[in-house]
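Participant: just need the structure, nothing else, for what follows:
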Amino acid sequence: MDKSLEELEHSNDAQNNVINKKAEAQVVSDYTDWQRLSPISILYFMVKSFYAMANTLFYLLPAVAFNLSKIKENPLILAFAAGGFLLLFSVIGFLNYFFYRFRLEAGRVEIKQGIFKKSHIDLPFERIQNVKLEQPLYYRFNNYACVELDTAGSAKQEAKIVALKMQQAEALRQIVVENTKQHAAINQELGESDSEAADASQEVVLNRRSMKDLVIHGISNNRVWIFLGALAPFYNSLADILQEVFAAVGFDAEAYFSLETQAWWEFGLHVLSVAMLLMLIVVILSVIGSILMFYKYTLSKIDNRYIRRSGLLTKQEVSMKLRRLQIMYQAQDWLDVLLKRVNLHFEQNKTGSANANKPGQQMSNTLLVPSVTLEESKALMLDAMPSQRLSEQVFAPISKRLILKNTMLFAIPLGAITFGLIDKNGLAGMAMSVGLLAMFFAIVSLRWWRWGYSFDDEFIYIRKGFLGVNYYCFPIHKIQQAQFKQNAFIKPYKLASLRMILASGPQTIPYLPEDVVRQQINRALDKLVSDKRSWM
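Facilitator: Now for the predicted structure:
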């Protein structure tokens with residue numbers, strides 16, 4: 001009986017493999033000639049052009065706010081503007097769709113695109129670093145997806161097929177992955193690459209995030225303040241709207257916040273209650289954003305590749321080869337420290353990416369595991385880099401002269417300016433400026449106290465932060481450049497800063513003994529010569 005069940009399972013697996021192979025072969029055969037996208041891609045191009053224009057118009061918000069009263073008096077202006085923009089986005093979307101072509105041929109992807117500036121991307125599969133699947137909300141109804149091919153190559157090129165059926169997109173991803181494995185196996189035989197040609201294995205889920213975890217992440221990693229800052233030019237208009245709403249419901253805001261009609265403690269309670277209400281609204285918005293981005297979050301591993309899947313409105317799937325991992329770091333805001341949670345980041349190559357520094361594109365270069373426990377973070381880091389020992393490190397402090405430098409450059413000038421603005425002669429102004437100076441000194445001291453470093457035979461570890469704390473860990477053989485930096489202020493005290501360039505970006509440890517900096521630079525250079533492992 002057991003034998004028959006086992007034979008049946010093997011038969012089902014073999015049947016599934018045959019079906020998958022047929023689907024992959026069908027994808028290649030279907031797209032060997034130049035193909036147009038599905039007409040639904042027009043919607044994608046419209047949304048993309050809208051976001052591009054929104055980023056440009058962001059800097060015009062003050063001018064829009066200044067003329068908001070005129071727009072309210074003439075609603076036809078707003079209607080004509082909205083209609084004009086909709087027509088413009090529709091034309092742009094259609095033209096992008098009309099001039100877009102792609103095909104798959106002989107182990108490569110070719111894409112022709114552009115309205116006024118034409119581009120022809122010819123991308124061999126073996127150069128593809130990651131394959132990212134994205135399914136926006138408007139693609140859910142007919143099961144389409146976008147396929148983004150990340151090469152970490154030219155910053156001016158974007159290899160993206162923006163409208164494929166989900167089954168075809170997954171088949172294309174599998175073709176690229178299998179081709180990459182074969183290429184890695186050939187390179188291994190030739191002695192040109194480290195091993196990544198492991199046998200096919202089952203996908204293993206390493207971590208999931210529950211709704212409780214996402215709520216914690218939204219509370220402890222609040223970024224809504226950035227959005228509220230962008231709305232600053234509209235605050236006067238929003239206040240006018242609120243006054244109209246209060247008048248409609250019979251609420252007298254002036255009496256509510258008046259010291260003449262109530263005791264001082266009542267006034268304080270009213271201000272405190274409003275402040276807490278605003279904070280609650282901000283936290284709720286942050287939690288909603290966390291759920292939208294990380295809903296049904298899973299981090300999986302198959303062979304030597306990590307795969308992250310998440311998203312409520314827009315489903316995203318991002319994969320990353322482990323050998324391309326440059327640095328890992330644990331990020332904790334002050335609330336994360338209290339809750340004993342960690343935001344774990346796996347960062348890969350960012351060089352050559354046009355959008356590497358844009359918030360909306362950072363998820364493509366970083367695998368973030370939000371609000372994991374300390375034990376979960378330790379297990380994930382050991383899985384990614386088994387020989388690292390971040391949790392066991394005892395960090396050495398940097399020189400206290402960093403406190404003196406920051407005090408001289410920031411604290412004393414700011415304290416003097418504050419004293420001059422508050423009161424040039426009064427004792428109250430002097431007391432306040434002394435208090436601010438003490439606060440600035442405490443800030444720079446806390447900043448110094450967070451700094452720490454540690455080394456072992458294979459890794460460099462860095463600790464830094466302010467109210468929160470971040471822990472960084474990266475292999476020495478991933479360092480591309482090591483720089484000795486020293487200025488006239490620290491040279492007499494035989495101090496220097498160590499700056500290390502990785503493919504994911506620079507890392508600096510300031511105010512170290514200069515002999516330690518030279519020792520680490522020599523060690524990095526020795527690794528560069530003797531260690532043949534690829535940093536890519």
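
Participant: so where do the helices sit in the stretch 251-400 of the chain?
Facilitator: Taking DSSP state H, counting those that start in this stretch as the criterion, the stretch 251-400 of the chain carries its helices at 253-256, 264-294, 334-339, 362-365, 374-384.

Participant: among those helices, which comes closest to Val177?
Facilitator: Counting by Cβ to Cβ, Val177 lies closest to helix 362-365 out of the helices of the stretch 251-400 of the chain; the figure is 17.0 Å. Where you see a C-beta, it was placed from the backbone N, CA and C, and this is true even at glycine.

Participant: now mean neighbour count too, for the helices of the stretch 251-400 of the chain, in a markdown table please.
Facilitator: Below are the helices of the stretch 251-400 of the chain laid out as a markdown table (neighbours: other Cβ atoms under 10 Å):
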| stretch | mean neighbour count |
| --- | --- |
| helix 253-256 | 12 |
| helix 264-294 | 14 |
| helix 334-339 | 15 |
| helix 362-365 | 20 |
| helix 374-384 | 17 |
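
Participant: make TSV out of the ones you listed and add mean pLDDT and distance to Leu37.
Facilitator: Listed next are the helices of the stretch 251-400 of the chain as TSV, based on pLDDT from 0 to 100; distance: least, Cβ to Cβ, whole Å:
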stretch	mean pLDDT	distance to Leu37
helix 253-256	68	54
helix 264-294	84	27
helix 334-339	91	43
helix 362-365	56	21
helix 374-384	95	36
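
Participant: among these, which comes closest to Ser319?
Facilitator: helix 362-365 (10.5 Å).

Participant: ok, Ile490 touching Tyr511?
Facilitator: Yes - at 6.5 Å, Ile490 counts as touching Tyr511 under the criterion of Cβ atoms under 8 Å.

Participant: need the residues touching each of the two.
Facilitator: 399, 401 (Cβ atoms under 8 Å, 6 or more residues apart in numbering).

Participant: quick one: the helices in the stretch 101-250 of the chain?
Facilitator: Using DSSP H, counting those that start in this stretch, helices in the stretch 101-250 of the chain cover 166-189, 211-220, 224-230, 235-249.

Participant: hey, least reliable of these by pLDDT?
Facilitator: Confidence, taken as mean pLDDT, is least for helix 224-230 of the helices of the stretch 101-250 of the chain (a mean of 58).

Participant: show me the strands in the stretch 301-450 of the chain, by range?
Facilitator: In the stretch 301-450 of the chain, the strands defined using DSSP state E, counting those that start in this stretch lie at 305-310, 315-321, 327-332, 341-347, 366-373.

Participant: which elements pack onto the last one?
Facilitator: With contacts defined as 3 or more Cβ pairs under 8 Å, 6 or more residues apart in numbering; DSSP states H and E, the packing partners of strand 366-373 are helix 211-220, strand 305-310, strand 341-347, helix 374-384.

Participant: from the chain's centroid, how far away is the second one?
Facilitator: A distance of 14 Å separates the centroid of the chain from that of strand 305-310, by Cα atoms, centre = their mean, to the nearest Å.

Participant: what about that strand, average pLDDT?
Facilitator: For strand 305-310, the per-residue pLDDT values average out at 91.

Participant: tell me the strands beside that strand, with direction?
Facilitator: strand 298-302 (antiparallel), strand 315-321 (antiparallel) (DSSP bridges).

Participant: who's in contact with it?
Facilitator: Against strand 305-310 from outside (Cβ under 8 Å, 6+ apart): 177, 203, 206, 209, 293-301, 315-322, 346, 367-368, 384.

Participant: in ChimeraX, select just the buried ones from these.
Facilitator: Listed next is the ChimeraX selection for buried residues among those, using 16 or more other Cβ atoms under 10 Å:
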select :177,206,209,293,294,297,299,300,301,315,316,317,318,319,320,321,322,346,367,368,384
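
Participant: just give the number of residues close to Ala247.
Facilitator: 11 (other Cβ atoms under 10 Å).

Participant: hmm, I was thinking of Glu514
Facilitator: So Glu514, with other Cβ under 10 Å, has 17 neighbours.

Participant: state the distance from it to Asp526.
Facilitator: Per Cβ to Cβ, to the nearest Å, Glu514 is found 19 Å from Asp526.

Participant: next one: Pro506
Facilitator: Distance, Pro506 to Asp526, by Cβ to Cβ: 21 Å.

Participant: which element is Leu512 on?
Facilitator: Using DSSP states H and E, the element containing Leu512 is strand 505-513.

Participant: returning to what we had before: closest one to Ser119 among the strands of the stretch 301-450 of the chain?
Facilitator: Ser119 lies closest to strand 315-321 among these, at 23.8 Å (Cβ to Cβ).

Participant: dump the closest one to CSV, keeping only the CA atoms.
Facilitator: In CSV, the C-alpha atoms belonging to strand 315-321 read as follows (Å, rounded to 0.1, in the frame of the first residue of the first chain):
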residue,chain,number,x,y,z
LYS,A,315,1.3,41.7,-5.2
GLN,A,316,5.1,41.6,-5.5
GLU,A,317,7.5,38.7,-5.8
VAL,A,318,11.2,39.5,-5.6
SER,A,319,14.0,36.9,-5.8
MET,A,320,17.7,37.3,-4.9
LYS,A,321,20.6,35.0,-5.3
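
Participant: ok, residues contacting it?
Facilitator: The contact list for strand 315-321 (Cβ under 8 Å, 6+ apart) reads 129-135, 140, 173, 177, 180, 196, 304-310, 346, 348, 363-364, 367.

Participant: give the buried subset of those residues as a PyMOL selection command.
Facilitator: The PyMOL selection below is limited to those of the contacts of strand 315-321 classed as buried (16+ other Cβ under 10 Å):
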select buried, resi 129+130+131+132+133+134+135+173+177+180+196+304+305+306+307+308+309+310+346+348+363+364+367
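
Participant: hang on, the earlier thing: in TSV, list the helices and strands packed on strand 366-373 along with distance to Ser399.
Facilitator: Shown next, in TSV, are the helices and strands packed on strand 366-373 (distance: least, Cβ to Cβ, whole Å):
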stretch	distance to Ser399
helix 211-220	32
strand 305-310	38
strand 341-347	28
helix 374-384	29
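
Participant: out of the ones you listed, which is closest to Arg463?
Facilitator: Taking these one by one with Cβ to Cβ, strand 341-347 is closest: 13.2 Å.

Participant: who's in contact with that closest one?
Facilitator: Residues from elsewhere that reach strand 341-347, judged by Cβ under 8 Å, 6+ apart: 216-217, 220-221, 306, 320, 325-332, 336, 365-374, 377, 380-381, 384, 504-505.
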